[in-house]
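[1] Predicted model follows, preceded by the sequence.
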Amino acid sequence: GGGESGNGTAGNGGSTAGGPHLWSLVTDANGLGDQGFNDLGKQGVEESAESLGGKASVIQSGSQSQFVPNLQQAVASGSTTVTAVGFALADAVTQVAKAHPNSRFILVDAVAVDAAGKSLPNVAGIRFREHEAAFLAGIIAGKTTKTNKLGFVGGVELPSVVRFLTGFQAGVKQANPSASVRTAYLGNFNDSAKGKGLATAHFDAGADIVFEVAGGGGLGVYDAAKTRGPGVWVVGTDTCKQRLAPDNYLTAATKDVPGAVLRQNQAAADGKFTGGEISLGLAEKAVGVCEETFAGLPAEVKDLVEKAKEAVGSGKITVPSTPDELSRFTPTAP
Amino acid sequence: MSDVLNLAWVVSAITLATPLILAMLGGLISERSGVINIGLEGQMLVGAFTGVLVSYLTGSAVLGLAAAVGAGVLCGLVFAALTIGIHADQIVAATAVNLVGAGLTAALVPIVWGVDGISPEVARIPAVSVPGLSSLPILGDVFTKLTVLDYAAFGLAVAVWWLLFRTHLGLQLRACGESPEAADTAGVPVRRLRVVAQLCAGGLAALGGASLSLATIGLFVASMSQGRGFLALAALLFGKWRVWPAVAVCLLFSLVDALQLRLQIIESAIPHELLIALPYLLAVLALATFVGRAAAPAAIGRPFTRR
Amino acid sequence: MTTRRPVPAGEDSPAVRLCDITKTYDAFRANDHVTLDVARGTIHGLLGENGAGKSTLMNILNGSVRPDGGRIEVDGRPVRLRTTSDARAAGIGMVHQHFSLIDRLTVVENLALVARPSSWPRRCVMPVDLVGIEERARLLADRLRFAVDPRARCGSLGVGARQRVEIMKALWHHAQVVIMDEPTASLSPVEAQELLSTLLTLREQGATVILISHKMPEILAVCDEVTVLRDGRVSRRLSIGADDRDPGPRRDRLEADLVQAMIGRPRPDPPARAAAPGSPRLVLHGVGDGARVGPVDLSVHAGEIVAVAGVEGNGQAELIELIVGVRRLRTGRVLLGSRDVSSDGPRTRLACGLGHIAEDRHAAAIATRMSVTANAAFGFVGARMGRRWWLPARTMRAHAGSIVDRMSVRLPGLGANIEGLSGGNQQKLVVGRELARDPSVLIAGQPTRGLDIGAAGDVHRELAALRDGGAGVLLVSMDLTEVLAVADRIVVMRSGRIVGDVPAADADVDTLGGWMTGAQPSEQKGVQPSEQKLVGA
Amino acid sequence: MIRLPAIKIQQGLSSRPFLSAGSFLGTLALALAAAVPLIYLAGTDPVTAYGALLRGSVGDQYALSETVVQATPLLVGGLAVALAFHAGLFNIGVEGQLVVGGLAAAAVGVNLDLPAAVHLPVAVLTGAAAGAAWAAIPAVLKAWRGVHEVVTTIMFNYLAFGLSRHLVAPGGGLASATQPSASDPVADGARLPALTETTRIHSGVLLAVAAVIAVGWFLYRTPAGFKLRMVGANPTTASFHGVGVRRVQIGALMGSGALAGLAGASEILGLYGRYLDSFSPGYGFQAIAIALMGMLTPLGVLAAAAFFGMLAAGSVGLQSVGISRELINVVSGLVVGFVAAQPALIGAYLRRRRKRQASGQGEDASAAPADVDARSAHV
Ligand SMILES: Nc1ncnc2c1ncn2[C@@H]1O[C@H](COP(=O)(O)OP(=O)(O)OP(=O)(O)O)[C@@H](O)[C@H]1O
Ligand SMILES: Nc1ncnc2c1ncn2[C@@H]1O[C@H](COP(=O)(O)OP(=O)(O)OP(=O)(O)O)[C@@H](O)[C@H]1O
Ligand SMILES: [Mg+2]
Ligand SMILES: [Mg+2]
């Protein structure tokens, strides 16, 4: 397969001459249908197959212990690149990438480093600055809330989830210092019934906007909003899921995983693939807010968002990504 | 605190309790007839999926419910064929039901709807406001938020209780669970009754699953039952194989769970992992302190053959 | 005592006819072409060794065991009895050897199980008519002259009461043929008498009774005809006339004849009495559990068999548990030999030379689902057999083999699950195991319950041999004939206390029976000897 | 106490290794045949599919090694369940005990700084001890208060999951700075060394094999094991014969927990080298099926675990021919179902043979033994 036959540096030797492309994806143990990065990753390789030719293949992992063999399989089948979604695969990718220096890997939400802490040349570790997206969403929410009470429904307290949260809180602080965000977690990413219960609890406690970062469990949040009817809003994650609650969908803090994967695959196809850590945020237009719903927003909110986008993009504002950064964050008029 | 301990809390507790209660009732009938049933989880998923599928195809949630029960009964039949028909080990057979139930439903989602893991929204069981009760002063809006299934759960609890502890059939069923040999010498058709019990159990568990998918959120998510089948089993044993104590356990569980969700919101000091574990902690405490010796049906798990 | 009721003319066809019935368990012929006629309106005795196939045959007639071959006729009509309901429909009811009541249910509920409503809504929707059933139960009880509390949980009933409930179950549907499988095995003499008269009542009322029993006297007292099974085949059949019943050479000849037919040898003679007892082996000082038993003062000496007589449920079971060490001792002390074991567990007491034949075999003596070999090793493994980390399989098999030979247990194989043995053979195995401990004190609870004459005689001789070897034996039994036959000293227990104590030589059924039922006030001097012995000890 | 039909069957087969092995394979064949419709549903054909399964699981050395790696936790977990079952206890909490075992092993591996010679043993033993400790409360409640172990162990599963999530959440006691919901890598001295360069087989496999032998020995070759089985068969009889029933029950459930903990520790110290929050995809629950499929005998458990290992290892191959992860679960479910049915099939077979013998050399009853020995218990 293409991966093996190369000789060059930075894994570019894996020439694409060896027949049509194969864009592989290895999911984490949650597998497809997680309403999160696994599904987005699949979208990414499929789009790659469309625009770059070749075919896409998805290998789902049933458990942690299948990551390595699945990656091996993806390599062995001669993939042009192997995309692995989720921090959980970091160790596995590192291990396999070391064993196959000539194959190229795309690792979403994590980076692969060797023992010395130096990142591997044949692994592109993509880190999203979710907090920047959530910041904008927070601004919209902060401006939209009538009760000045906002809710957060998380799946499990993971760093990426926390980045979403803190960014959102910062945005709210920025737009509406008198508003507060109350947080709660489901304990998993699947229990939509509990998600509904939690969202309902938020609404009962007076919140009129809930930010969900709970994967499949988030479905319950939209349903809770729908049962409430107009007047309460949901802020989504990852992609625009407006169809889930058309009347209650405020916006979403989006994260363009497919685009990022496509860009790396493009590079690979052009032989320009480079490993190392890649951090993507507003500046790279890799994250943002769902604009399909902007029609409904007041003009002042919209240009507030635009200004914030500017400020963050140009580095005038650094959005906090952890609780203590948040505590040190002071709103600055952009 | 008042924005936690209010009616809304009770309502969400009841909605969380309904699937538990239904599945538990299924398990109760099964185990009272002397068949261990750890297959509730799988049967719930089958019910949840079938309900959504049929509701999707026909546009009628009621048909969905009916189909779910039918599918559950079918599961029960398979389970019965294995355990009662050919004396397969009850726990192994139930494990098979769980694996196939979870696997098949998840596998069919992309085959049917072309997307992974989640179905589109379908016609669902709506909340009904009970004419008289909904106009009550304080309790009023409780009776506007619950669905037919929530009431059905309690209705069925009464029914199961009546069947098991008042009717002749129930007497015979319990006899099968206490001593199949004795029941047999008394002319009870032990194996036939155990099969019947399995059919009921499957139907009830599936109904519980359907209430999760058709009433609570109106779509199917792969493995959406999230261990509720096992929780129902625990509640059943916790309640010592008696209807009302077991129902009470389900309700308490859901009350604490709903409370826990709300406490997370108002109380940020306590780590949320702890709060999430709260229902289980309390359960263990209760078991350790005041819940005494459990008295299982004497012949539970024991297959019956005529010599 | 009773005169045989003439069979009404014209009814020539027998009430029940079994034609060459065959039943094979695994490779084992339990019934081998058995043919049996039972005349209407008679009491028909069915005799045979343990494992002869009596229960199997009757279970077949009752529809609860499927025969491999053969025909069954009731009132001359061929019938197929697939289930007990079929049998019931054919007018057959059975009282089983191993009780078939459901402990958690009340008497009425147990009867309700049998009283199946006809229409399905009455079965599945309407509440069970417990009141009506209780009514009928009382009527039936009166007809049989029974005293039973219909509201009581069966688990809480004594053996006698359970037996009565069983009979009511069997008769509920006006059975014309009543099968009784060793009904008196676990009854006190008084209760046994009552049962026998019940049978006579039934016969008066026109029913046909098949009675399985190992007790010659009762067979000869009530049966009109007798069939003897041996190795699953009919070995003898004869009818008993009025003049056979009353004592005399004729009766003795008949009895000897039957015994020969059953066990293929004459009845073993009762063992001789003991020489003077020696030093105390087991001493109880004011022993009690604070509830059902005590305070009890009793001592068993080397070379004597002390029998505890009493009606079931008067604390004998609890007393045994206190001695073995599985019941919490609240008051008093227990001494094995000179050692005070009051605070030790059963393990230690076994080690100190205690042996115990449990009263309730299934509950406390054997573990079904384990092999005969394993069951034979209980109490040996970990104690005197094998080292801490080594289980000597071969030794265990040899051990089991020797027990089986010694007690001539009939079994499919050492490796077989003990469930496969007939009740009697299970009992033999248990007795053999406890004897194999060669204990210095043996507690024997109902050791011959359900054993055939031969086996019972063997057990008695074994007990005597043990005694003569210098051990002390505490025999707990309700069977006064047994007690009087083998004991050297008899104490009577009533409501948890010892109410009488006499040398067997000068004891007799009436006084003992009196003490047991409380009809006679317990005489003080009866208690004296044991205390003197205590002082002496 | 839960009665176990399975045990009787186990007795039925103990003296017939070939029959049991044969029927086991036969059953698997049947199950795989039953899965054929699903395979067509997934748009491929059985030959391709099962070819892929075999290639992925036993096709070459690496595949074989993966099968072993996947089977290891299932094997040890299955032993844990089986041990408890023999004492009449249904330990449905193996999953939680396994998680806690992994946590404890990682905690020792990460935080302690010991010479390699002792670090590994300490880490492994701590894992086992933690598993036993997690089973201790259910055990004590069962023995002294008669609280049904199924309830308590289910609850303790959820508590274990909560604990694990809490410890590796940001700011949690075990949380790694670089890797989310995981601990830092354990010290090299605490790693279970790999057995080969090219494969992932680690010395945890040796521990598993040792466990098989140890459990088999304990159950069938030691007085303690005999007493344990006695308690499982009839607690009252056991207590009358000097067995400390409570003590044995507690010992059994904690022993079971220790095995579960060992399984967790060997995954963490052997395969991953750090604690990962979701390292167990429910090994503890699969273990229940595996234990009973193996008829509660160590060798049977070994066979069952090996088969599930094959499925897990072959799953990647199956996916490559278009059979989804979920369908693979369905197939394994079918296998379990058929294995559940297996005893009935064998039972029928044995009965027919007995009947034939009976009618053959009918008359004397002593023809039985050789034959009925098939039902013999291990002593
Ligand atoms: N379920 C069974 N499986 C195997 N063998 C059995 C079974 N039931 C009975 N047997 C065998 O059949 C033979 C006859 O048993 P049965 O119970 O009829 O004897 P019995 O005459 O009633 O003896 P007892 O006087 O001890 O009750 C016994 O030797 C027993 O070993
Ligand atoms: N399941 C078990 N796991 C580990 N060890 C056991 C188990 N069962 C028994 N043992 C050990 O085997 C030995 C014998 O068991 P058992 O408990 O019956 O006797 P004991 O407790 O030592 O003596 P006693 O009956 O006087 O208490 C004991 O040391 C006991 O700890
Ligand atoms: Mg009998
Ligand atoms: Mg002990």
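    All right, it came through fine. Ligands and ions are numbered 1, 2, ... in the order given.
[2] Can you give me the distance of A:G229 to C:R384?
    Per CB to CB, to the nearest Å, A:G229 is found 80 Å from C:R384. (Glycine included, C-beta is placed from N, CA and C.)
[3] swap in D:L253?
    Taking CB to CB as the measure, D:L253 falls 29 Å from C:R384.
[4] all helices in the stretch 151-300 of chain A, in order from the N-terminus.
    A:159-175, A:192-204, A:218-228, A:257-269, A:299-313 (DSSP state H, counting those that start in this stretch).
[5] swap that for chain B, sorry
    In chain B, the helices defined using DSSP state H lie at B:7-32, B:40-58, B:61-80, B:90-113, B:142-145, B:148-166, B:168-178, B:180-185, B:190-210, B:228-238, B:243-266, B:272-289.
[6] Neighbours of C:G518, how many?
    C:G518 has 14 neighbouring residues, counting by other CB atoms under 10 Å in any protein chain shown.
[7] returning to that earlier point: between D:L253 and C:R384, which has more neighbouring residues?
    D:L253 (31 against 10).
[8] Not counting residues beside it along the chain, what's closest to C:G288?
    The shortest distance from C:G288 to any non-neighbouring residue, by CB to CB, 6 or more residues apart in numbering or on different chains, is to C:G294 (2.0 Å).
[9] residues contacting that neighbour?
    Counting by CB atoms under 8 Å, 6 or more residues apart in numbering or on different chains, C:G294 makes contact with C:G286, C:V287, C:G288, C:G315, C:L322, C:R330, C:T331, C:G332, C:G496, C:R497.
[10] Next, give phi and psi for it.
    Backbone geometry at C:G294, expressed as degrees, to the nearest 10, gives phi 100, psi 170.
[11] Return the helix or strand of chain B with the lowest mean pLDDT as PDB; C-alpha atoms alone will do.
    Between all helices and strands in chain B, the lowest mean by mean pLDDT, DSSP states H and E belongs to helix B:142-145, at a mean of 80. Only the C-alpha atoms of helix B:142-145 are listed here, as PDB (Å, rounded to 0.1, in the frame of the first residue of the first chain):
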ATOM      1  CA  VAL B 142     -48.800  17.700  37.400                       C
ATOM      2  CA  PHE B 143     -51.800  16.300  35.600                       C
ATOM      3  CA  THR B 144     -51.100  18.400  32.500                       C
ATOM      4  CA  LYS B 145     -47.500  17.100  32.000                       C
END
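[12] angle of the longest helix along chain D against helix B:90-113?
    Counting by DSSP H, the longest helix found in chain D is helix D:325-360. Relative orientation of helix D:325-360 versus helix B:90-113 (axes from the mean of the first three to the mean of the last three CA atoms, to 10 degrees): 140 degrees.
[13] Give the buried residues for stretch D:202-220.
    D:202-205, D:207-208, D:211-212, D:215-216, D:218-220 (16 or more other CB atoms under 10 Å in any protein chain shown).
[14] The residues you listed into TSV, with extra columns for distance to chain C?
    TSV is the format used below for these (distance: CB to the nearest CB, whole Å):
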residue	distance to chain C
D:H202	29
D:S203	25
D:G204	25
D:V205	25
D:L207	20
D:A208	21
D:A211	16
D:V212	17
D:V215	14
D:G216	12
D:F218	9
D:L219	9
D:Y220	7
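[15] Stretch D:270-279 near chain B at all?
    No - judged by CB under 8 Å from any CB of the partner chain, stretch D:270-279 and chain B are separated, with a smallest distance of 11.2 Å.
[16] how about the CA coordinates for that stretch, as CSV?
    C-alpha atoms of stretch D:270-279 as CSV (Å, rounded to 0.1, in the frame of the first residue of the first chain):
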residue,chain,number,x,y,z
GLY,D,270,-0.1,-4.7,30.6
LEU,D,271,-2.0,-3.2,27.6
TYR,D,272,-2.3,0.5,28.2
GLY,D,273,0.3,1.5,30.7
ARG,D,274,-2.0,4.1,32.1
TYR,D,275,-5.5,4.2,33.5
LEU,D,276,-8.1,5.1,30.9
ASP,D,277,-11.6,5.9,32.1
SER,D,278,-13.5,3.7,29.6
PHE,D,279,-11.0,0.9,29.2
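[17] can you give me how far that stretch is from the chain middle?
    19 Å (CA atoms, centre = their mean, to the nearest Å).
[18] Likewise for stretch C:286-302?
    25 Å.
[19] Could you do stretch D:286-302 as well?
    On CA atoms, centre = their mean, the centre of stretch D:286-302 falls 6 Å from the chain's centre.
[20] before we move on, what about stretch D:278-289?
    Distance of stretch D:278-289 from the chain centroid (CA atoms, centre = their mean) equals 9 Å.
[21] List the buried residues of that stretch.
    D:S278, D:F279, D:S280, D:P281, D:Y283, D:G284, D:F285, D:Q286, D:A287, D:I288, D:A289.
[22] and what of stretch C:424-443?
    C:424-437, C:439-443.
[23] same check, this time on stretch A:140-147
    Under 16+ other CB under 10 Å, the buried positions of stretch A:140-147 are A:I140, A:A141, A:G142, A:K143, A:T144, A:T145.
[24] Now do the contacts for the closest residue to chain A within the stretch 151-300 of chain D.
    Nearest residue of the stretch 151-300 of chain D to chain A: D:P281, at 3.5 Å (CB to the nearest CB). Contacts for D:P281 (CB under 8 Å, 6+ apart) come out as A:A29, A:G62, A:S63, A:Q64, A:S65.
[25] now check stretch D:37-52, is it near chain B?
    Yes - for stretch D:37-52 and chain B, the contact criterion (CB under 8 Å from any CB) is met by D:L41.
[26] And for that stretch, what's in contact with it?
    Taking CB under 8 Å, 6+ apart as the rule, stretch D:37-52 contacts B:111, D:32, D:36, D:314, D:317-318, D:320-324, D:327, D:330-331.
[27] tell me which residues in it are buried?
    D:L38, D:I39, D:A42, D:P46, D:A49, D:Y50, D:A52.
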